[in-house]
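S.K.: sequence and predicted model, in that order:
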Amino acid sequence: MRPPVAPAGWSRWLVPPAALSVHLAIGQAYAWSVFKPPLESALNLSGTQSALPFQLGIVMLGLSAAFGGTLVERNGPRWAMSVALVCFSSGFLISALGALTEQFWLIVFGYGFVGGIGLGIGYISPVSTLIKWFPDRPGMATGIAIMGFGGGALIASPWSAQMLESFPQGSGGIALAFAVHGIVYMVFMSLGVLLVRVPPRAAPDATRGAPGTAATGPQVSARQAIRTPQFWCLWIVLCMNVTAGIGILEKAAPMITDFFADTSTPVSASAAAGFVALLSAANMAGRIGWSSTSDLIGRKNVYRLYLGVGALMYLLISLYGDASKPLFVVCALVILSFYGGGFATIPAYLKDLFGTYQVGAIHGRLLTAWSTAGVLGPLIVNRVADSQEDAGKHGSSLYGLSLTIMIGLLVVGFVANELVRPVDPRHHHVPAPREPADDTTAHDRRQSA
């Protein structure tokens, strides 16, 4: 499938909606928890077992983005979005078969493995195209698209919950809900497939959005990028920032309940659910807000904010979180906005350092940091909380050690960000355009040979 080139007069502002249609769909992954209780009841699963499809999906997201990034660059965004559409929708349909036949392994395979490939390819599918269309505001452009991934759960959570309530109880109703998801997301994502375009060979003009001059600055291949210290510094930066954010996101409801369990104003289950919704909104808003800010203050400065102020927020929660509910909520919202902002800003940071040549493939390789953090963050918070509970502690004391660990990780990320420098020119790879030679030049070359 050849990448469709935009005709003359094509508006670059049609590309972000195309990217959003894919990211809003695959953002459903953050709403997996809606399916956990009915699956546990219908198939007699434990909480750990019911989390397997989501965990495998996140692992496959990182792996497919890493290994498929070069293919995305080579074949273009329409090919990538088509692959994402087929895999993500097929994952739901396979899961529907698994629920109908009560074969949980099919749900793990469908949603986790097949759907996870759709997550990874779909996540990186519009990145390099958006950066090429918006060289003047790459942070804003990628932030708009990646905002969809953070906000997808705000749509999917109530929609999925309503379906599960309306359909028959048991595995049959779950199968029907999975099937509806697969069909609806197939239609929705097809809008992006049909709408997306790549810019003409010349990059868009920064002021008019029309074809202008060719890309300048460093142009580094994905193979060379992973050999640079800058890549691995950014890998650490992303991993530390995501670990800190996902540590709160994954355990948000029980954490706020535990923090105020021993106070005169305990948190109800409904209030805890509202807190989770607020965190999702902060996650989404941070993706567009902070990434757009990075266009004004620079990528390194905005990561100083994410990591430095993020560590301060964790310190405030650790010291005073159980004394003030507003303080706890505000600090958590800031941390989650940094979590989302980190995802949305990293493609523009990569573009600044490595250029646009294979930025999508480089981004895909960097997302292995997400796979690592997706395991590391929940493991730290849950394992520490379980061990503290076994030691007889309760309330906010369950999280003191894990919060301290998160502060340390953010400091490590801060140091890694400070070590980022421009890429050495020996790593640059600018494909030389092949100029047609005239007859005289060709004759001279043959003579000299």
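M.R.: Right, received. Where do you want to start? Nothing here was measured: the structure is a model prediction, and the numbers come from that model. Residues are numbered from 1 along each chain as shown.
S.K.: any low-confidence regions in the stretch 1-150 of the chain?
M.R.: 1-3 (pLDDT under 70).
S.K.: contacting residues for Met147?
M.R.: Leu20, His23, Met284, Ala285, Arg287, Ile288, Gly340, Ala344 (CB atoms under 8 Å, 6 or more residues apart in numbering). (C-beta placed from N, C-alpha, C; glycine too.)
S.K.: tell me, what residue is most central in this structure?
M.R.: Phe343 (5.5 Å; CA atoms, centre = their mean).
S.K.: picking that back up, nearest to Arg421, of the contacts of Met147?
M.R.: Proximity of those to Arg421 (CB to CB) peaks at Ala344, which lies at 23.0 Å.
S.K.: where's Ala261, which helix or strand?
M.R.: Under DSSP states H and E, no helix or strand contains Ala261.
S.K.: list the contacts of it.
M.R.: Val267, His394, Gly395.
S.K.: residues of the host helix or strand of the residue nearest to the centre of the chain that come out buried?
M.R.: According to DSSP H and E, Phe343 maps onto helix 325-354. For helix 325-354, the neighbour count (16 or more other CB atoms under 10 Å) marks 325, 327-329, 331-354 as buried.
S.K.: picking that back up, from the contacts of Met147, which has minimum pLDDT?
M.R.: Ranked by pLDDT, the contacts of Met147 bottom out at Met284 (87).
S.K.: for that residue, give its distance to His363.
M.R.: Distance from Met284 to His363, counting by CB to CB, to the nearest Å: 20 Å.
S.K.: cool, Gly340 as well?
M.R.: Gly340 is 16 Å from His363, by CB to CB.
S.K.: related to what we said a few turns ago, so which of the contacts of Met147 is the closest to Pro37?
M.R.: Closest to Pro37, out of all of the contacts of Met147 and judged by CB to CB, is Met284, at 24.3 Å.
S.K.: on that earlier part again, now the angle from whatever helix or strand comes next after the helix holding Phe343 to helix 325-354?
M.R.: Next along the chain after helix 325-354, taking DSSP H and E as the criterion, comes helix 359-366. On the basis of axes from the mean of the first three to the mean of the last three CA atoms, to 10 degrees, helix 359-366 is oriented at 130 degrees to helix 325-354.
S.K.: which residues does the helix or strand that helix 359-366 is followed by contact?
M.R.: As assigned by DSSP H and E, the chain's next helix or strand after helix 359-366 is helix 368-390. The list of residues contacting helix 368-390 from outside it, by CB under 8 Å, 6+ apart, reads 55, 58-59, 61-63, 65-66, 235-236, 238-240, 242-248, 250-251, 255, 343, 397-402, 405-406.
S.K.: how much space between the closest residue in space to Ala271 that isn't next to it in sequence and Phe328?
M.R.: Leaving out its chain neighbours, the residue that sits closest to Ala271 by CB to CB, 6 or more residues apart in numbering is Ile256, at 8.0 Å. Using CB to CB, Ile256 is found at 7 Å from Phe328.
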